[in-house]
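Trainee: sharing a model prediction with you, sequence too.
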Amino acid sequence: MPETDLSILNELYDIITDRKENPSEDSYVCSLLNHRKGIDKILEKVGEESIETILAVKSENKEEMIYESSDLLFHLMVMFVAKGITLDEIATELKKRRK
Ligand SMILES: N=c1c2ncn([C@@H]3O[C@H](COP(=O)(O)OP(=O)(O)OP(=O)(O)O)[C@@H](O)[C@H]3O)c2ncn1[C@@H]1O[C@H](COP(=O)(O)O)[C@@H](O)[C@H]1O
């Protein structure tokens, strides 16, 4: 299988971390990280995007599947940053499971 460049995931993680450290008014990520509902707002988005991903898969429309999965992955990454979970920690956990 060809190696895919997944560096965008690290780049996006770094941008989200930067938004946490340097809040700005017009940032969507900041609006989630600093929401009055706290972590619940991010969890709401993860839940919504999960459902949208499921519906996209059921629709059999691959473009929709990719679009909604990207939304889900993005919001999961915001959740990771909010809770101090690094992508390395996720990768390590996945590697432990490798057979
Ligand atoms: N990758 C993303 C990304 N993917 C999805 N989204 C946002 O996630 C939201 C998805 O929610 P919905 O589908 O429910 O759409 P909505 O109707 O706008 O949602 P509501 O919040 O109004 O409920 C949309 O507002 C999208 O714009 C993203 N927003 C930002 N990024 C990246 O995050 C970085 C930081 O963004 P800012 O914090 O806005 O600077 C940017 O460089 C982007 O690369």
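Mentor: That came in fine, so what should we check first? Residues are numbered from 1 along each chain as shown.

Trainee: ok, which stretches of the protein are helices?
Mentor: Applying DSSP state H to the chain gives helices spanning 7-21, 28-33, 39-59, 62-82, 87-97.

Trainee: list the buried ones in the last one?
Mentor: Counting neighbours by 16 or more other Cβ atoms under 10 Å, one finds that the buried residues in helix 87-97 are Leu87. All C-beta spots, glycine's among them, are computed from the backbone N, C-alpha and C.

Trainee: equivalent analysis for the second one, please.
Mentor: Counting neighbours by 16+ other Cβ under 10 Å, one finds that the buried residues in helix 28-33 are Val29, Cys30, Leu32, Leu33.

Trainee: pull out the buried positions in stretch 40-54.
Mentor: Lys41, Ile42, Lys45, Val46, Glu49, Ser50, Glu52, Thr53.

Trainee: cool, stretch 62-82 as well?
Mentor: 64-65, 68-69, 71-72, 74-82.

Trainee: not counting it itself, show me its contacts.
Mentor: 9, 12-13, 16-17, 20, 29, 32-33, 39, 42-43, 45-46, 49-50, 52-53, 55-57, 59, 85-87, 90 (Cβ atoms under 8 Å, 6 or more residues apart in numbering).
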